[in-house]
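Chemist: need the 3D shape of this:
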Amino acid sequence: MKLIQKTVIFNPDGEIFLHRGISVSWKFLSTKNLPELPAGTPLDIEVSIDEQTLLSGEYGIVWATWDQRQAEVIFNALLAQNIASSIGNIELDDSTLLLTKVNNKEDTGEAIDFIWRKKGGLRLKPDWSYPFGESNRSFEKWLNG
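Modeler: This is a model prediction of the structure:
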């Protein structure tokens, strides 16, 4: 999932200009040899996150959605399971991804089981399983019984 995409300027000495006065060296980004490109060559740099890592629970994040209503319903469903959580967000180029994060790290596995992993839980599929802009059918199915 793409978080940021930016066009930067490459210099043959390996300096990549991100913004006026801010640069990074090629060797900090890659172990590959410095490319033989002319000075001033524009490059596209992308910062992305793996969706599976995002929902792994490693950092307490147990769910992510584009939909505010869905985030609030999941938040309240977790609360009904005695799992305290909070809703944060990641601003993307064209949308906002809402993240549900458990407050107590020990609740992570139970929250993931409840939301998407176990058959006895909600069995939700992530929003990105569906075309962008389309509602999450697994969430709507659960919500409407």
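Chemist: any low-confidence regions in the protein?
Modeler: For the chain, no stretch is flagged by pLDDT under 70.
Chemist: okay, now the domains of it?
Modeler: Structural domains annotated on the chain: 2-48, 51-143, as defined by automatic domain parsing.
Chemist: strands along the protein, start to end?
Modeler: All strands of the chain, identified by DSSP state E, fall at 2-10, 15-19, 22-25, 41-48, 61-65, 85-91, 96-102.
Chemist: give me whichever of those strands is most buried.
Modeler: For the strands of the chain, the largest average neighbour count (mean count of other Cβ atoms under 10 Å) is found in strand 61-65, namely a mean of 25. C-beta coordinates here come from the backbone N, C-alpha and C atoms, glycine included.
Chemist: list the strands paired with that strand, with their directions.
Modeler: Paired neighbours of strand 61-65 in the sheet (DSSP bridges): strand 96-102 (antiparallel).
Chemist: now do the strand it pairs with: distance to the chain's middle.
Modeler: From the chain centre to the centre of strand 96-102 is a distance of 8 Å (Cα atoms, centre = their mean, to the nearest Å).
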